[in-house]
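Asker: Provide a 3D model corresponding to the input given below.
(2 chains)
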Amino acid sequence: MLTTRRTTGVVAALVMLGATACSSESGAEGTKADGTVTIKVGQKPTPDQAAALKTWTDRVAEFEKANPKIKIEGSEYGYDVQTFQADLAAGTLPTVVAIPYTDVQGLIERKQLADITDVVKASPIGSKINPEVLKTVQDSSGKIFGLPVQAYTMSLNYNRALFKQAGLDPDKPPTTWEEVRTDAKAIADKTGKAGYSMMTTNNTGGWILTTMTYTYGGKIENVDGGKASAAFNDAPMKNALTALHEMRWTDNAMGSNFLFNQKQLQQEFAGGKIGMYIGTPGDYRDEVTTMGAKGEDIGVAPLPLNSPDGGTLTGGAVQMFNPKASKEQVEAAVKWAEFFWLEKFTDQDHAVTDAKAANADKVHSVGLPMLWLFDEASQQQYNAWIKPYVNTVQANFTPYTSKASSLKLMIEPPVAGQKVYANLDTVVQTVLTKKDTDIGKLLTDSSKAVDGLLANP
Amino acid sequence: MTRTARWIRNGGISTLVFLIPTLLVFGLFSWWPIARGLVLAFQQTNLVEPAQWVGFGNFRKVLADPLLLTAVRNTAWFALLALVFGYPAPLALAVFVRELRRGRALFSVLAYLPVVLPPVVAILLWRVFYDASDDGLFNTLARGIGLGPFQWLQDAHSAMPSIVLEATWANAGSTMIIYLAALSGVRTDLYEAAEIDGASIWRRVVHVTLPQLRTILMITLLLQIIGTFQVFTEPFLFTGGGPANATTTILMLLYNYAFINGDYGGATALSVLLALFLGLLSLLYFRLTRRWGTT
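Answerer: Numbers count the residues shown, from 1 in each chain, chains lettered A, B, ... in the order given. Take a look at the predicted model:
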C-alpha cells in the first residue's frame, strides 16, 4: 500500500515538474517585450548567513534600481562537479555563478562557457583587471570566458605551533626546498608529526607537483603553434621529485599517509598532524571556520623558490556565464558580477558593508592574503578600508604579503591541464609509496603518456 | 462476446491502471536514461551545442585508453579477492548463527550492524583504522600478535586487499540475512537424520546445507560478481584510485570520463561495454548452471 501511494506521489511530482518545465520554457530567453532582462544569479547566501543574505538582498535592490531593465532572481546554487554538467544540459544552471579556477580551462576547451570578451573589454571595471590574472580565463587566442573576482598565488601553509615545538622560528618559514627539508625533519623528529605533506589524489597531486616544478624553474607543457607536448622530463621536476623522495624515504619526515585530496589534507593539517604543505591562502577559511584549527596557529608563506627562474602558480575564483543564456542576459550578468564582486575594490562603501557582513556571520575569514585583481595600490586601499573588520591574524601572513609583489606569476598548463594532472598524480603517488622508484624512468614514461594525450586531447 | 469485452470483463482495465504508474516510473527513471545513454555512446556533445554523431569513435577512444587495461585488471582483482574471501563469509556467518543454541538474535544484529552504517561513514572510519603509522588502530592490533606494521592503503600491493576487507565487512550482513532466511527453509529432518548417522557439523554443512541452498547460492554469486564489477564507492573514498592507479576500477575510470573530463560520450561508451560484458557473463552463467539449479 505504502509503495503504491509513494509511486502515485512520484508520478504527481513528475507531472508537476513537466508542467513547470513547460511554463518556464516560454521565458527561456529571459527577455520580455519591454526589454526587461531576467537573470538567475548563483551563490545567494543561505539563511544561516543572515548578515550576508541581508547585504545580498540590499545589493539586488540597489542594482535593480540602477538598472530598471534588469531583473535578478537569486539561487543558492553553488558549483558541484558532479551536477554541473547535468544542470548545464537541463538548462537549470544560473546565468552567472562561481566555478573553481582549476576547472576553467577544461570548460573553455569543451566550449561550455559563454564568451564575454566584448562585454569585459567595453566595461570600465572589467577592462582594469590585471592582464596576468585575466590570463587564467582566456583561451590561446586571448578570448575571455569568465570574470576573475579574486586572485591568489599558491602558498606554503604551515603550523606555527608545530614550528615552535620543533624549536624553529615560526616567523622565519623556509624559503628554499633545502630549508623545507631541514625543517620538515626537525618537526618529524621532535614532534612525531608529518613535517611536510602533500595532496596526491583527484588530480591534486599533479596540481601540486606542477606548483613545485615551477618553483624549480621548470615547465609542464611546450605549446608551439597549435601543438602541445610534455616539457617536464628534465631537471626541475626531477629535483622536485627527488626532494619529495628524500623527505619521504631518507628523512621519514612526511608521516605515514600519502593519499590525500585537498579537503582530506586540510583536515589533517587543521587537526595539527602536518607541519607544512603547499596549498592556497584561502585554505585558512575552511581550516579555521569548519575544521577546528586555531587561526593563530596557521602561518602563510610564499612558496620556496629554488631557481632564479622559479615561478609561483596563481589561482583564483572565477564567475562563469551560462553558454545557453542570451546575449542580453550575459551582458546583464557581467554587469551584475562586476557590481557585486568587483566594485568593492574601488568603492569604499561596498568594501566596508561586505567585510562587516562577513565578519558578523562568523563563517568567513576577513583579511586573507590575496593577489590584486587590478593593481597593488587598489589592493592596499581595499585592505585599509576593511581593516576594522579583519578577523584573521595578519602578522601570520607577513611572510607571504611581504613577498607577494615580487613573485613571478605562472598559470596552469594550458592544454588538457586536468588530464595532465591526472597523469602526474600517479608519478607523485609512486614516489611517495614505492621506495625503489626510478624517478628518471618514471618521468620518461609519464612524459610519453602525456605526449600521447596532448597529441589527441 | 468479443475479445475486447472479455478482456474488460476479466479486469483488463484495472490491470492497466495499476500497471501505468510502474511503467511510467520505470520508463522515466530506468529505461529512458538507459536508452539515452545508449544514444550518447555514439555521440560527442558538450551539452550546449547539438550533439554530433561519431559512430564508434567513442568506443575506439575508450578501448585505446592505456588506463583501461589497468582498470579492468584492478576490477577483476577486486572481484576475485571478493569472491575468495567475501563470498564464503556471509555463508559461514549464517551457518554459525544458525548453529547457535542461544543469542542467535544478538549475533544476527551484530553481523547486520555494518549494513546499517552509511557507506561514507564506514569508509571514513576504516580510513582512520588503516592509518599506516605505527600507532594506527590496525597496526597496534597487529603488533599485539607480533605482526606489522603494515602499509594498508598506502602501498600498491596491499591497497586492494584492504579495500576488499572493508567491503566484505560492510556487505556480509545483508547476504547473511538472505542465507539465514533460506536456512530456516531447510528441512530439519535432514539434519536430524545426518546427526543420527553421526555426521559432524562440517559434513552436515557440506551434505545438507549447501545442496539445499544451491539455488540461492547461485543467485547471490551472480549478484556479487555483477556488484563487484561495479565497485566505485570504496576506491573513490579510500584511495581516489591510488596509489599509482593500483585501485582505479572501471567505474572510477568511467567517473573520471564523465565528471572530470566532461566526456559523456566516452563515459557512456565505457558503460555500454561494461553492461554488454556483464550481460554476456550472466547469460553464460545461466547456461552453465542451468542443470545444477534444478533439484
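Asker: ok, and A:T211, which helix or strand is that part of?
Answerer: Element membership for A:T211 (DSSP states H and E) is helix A:204-215.
Asker: just the CA coordinates of that helix, formatted as CSV?
Answerer: Provided in CSV are the C-alpha atoms of helix A:204-215 (Å, rounded to 0.1, in the frame of the first residue of the first chain):
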residue,chain,number,x,y,z
THR,A,204,45.6,17.5,-6.9
GLY,A,205,48.9,15.6,-6.9
GLY,A,206,49.6,16.8,-10.4
TRP,A,207,48.5,20.3,-9.4
ILE,A,208,50.9,20.5,-6.5
LEU,A,209,53.7,18.8,-8.4
THR,A,210,53.3,21.4,-11.1
THR,A,211,53.5,24.1,-8.5
MET,A,212,56.7,22.6,-7.1
THR,A,213,58.2,22.2,-10.6
TYR,A,214,57.5,25.9,-11.3
THR,A,215,59.4,26.8,-8.2
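Asker: That one: what's the following helix or strand?
Answerer: strand A:221-224.
Asker: The helix or strand following that next one pairs with which strands, and in what direction?
Answerer: Once strand A:221-224 ends, the next helix or strand along the chain (criterion: DSSP H and E) is strand A:227-230. According to DSSP bridges, strand A:227-230 has the following sheet partners: strand A:221-224 (antiparallel).
Asker: so how far is chain B from the residue lying closest to A:I72 once chain neighbours are set aside?
Answerer: Spatially, and ignoring its direct neighbours in sequence, A:I72 is nearest to A:V60 (4.8 Å; C-beta to C-beta, 6 or more residues apart in numbering or on different chains). (Glycine included, C-beta is placed from N, CA and C.) Computed as C-beta to the nearest C-beta, to the nearest Å, the A:V60 to chain B distance reads 28 Å.
Asker: same thing with A:G311?
Answerer: As for A:G311, its distance to chain B is 26 Å (criterion: C-beta to the nearest C-beta).
Asker: residues in contact with the nearest residue to that residue once chain neighbours are set aside?
Answerer: Nearest residue to A:G311 in three dimensions, chain neighbours excluded: A:M410, at 3.8 Å (C-beta to C-beta, 6+ apart). Shown in contact with A:M410 (C-beta atoms under 8 Å, 6 or more residues apart in numbering or on different chains): A:214, A:311-314.
Asker: rerun at 10 Å
Answerer: Counting by C-beta atoms under 10 Å, 6 or more residues apart in numbering or on different chains, A:M410 makes contact with A:132, A:135, A:153-154, A:210-211, A:213-215, A:219-220, A:310-314.
Asker: ok, of those residues, which one's closest to B:V54?
Answerer: Closest approach to B:V54 among the contacts of A:M410 (C-beta to C-beta): A:I220, at 29.4 Å.
Asker: Skipping adjacent residues, who's closest to the closest one in space?
Answerer: Nearest non-adjacent residue to A:I220, counting by C-beta to C-beta, 6+ apart: A:P413, 4.2 Å away.
Asker: For my notes, confirm the one you found occurs in a strand.
Answerer: No - counting by DSSP: H, G, I helix; E, B strand; the rest coil, A:P413 is located in no strand; its state is coil.
Asker: my guess is it meets A:T211, correct?
Answerer: No - the criterion here is C-beta atoms under 10 Å, and A:P413 misses it with A:T211 at 11.4 Å.
Asker: Closest residue of chain B to chain A?
Answerer: B:G240 (3.0 Å; C-beta to the nearest C-beta).
Asker: Which secondary structure state does the residue nearest to that residue when sequence neighbours are not counted sit in?
Answerer: Once flanking residues are discounted, B:G240 sits nearest to A:T201: 3.0 Å by C-beta to C-beta, 6+ apart. At A:T201 the chain is in coil, as set by three-state DSSP.
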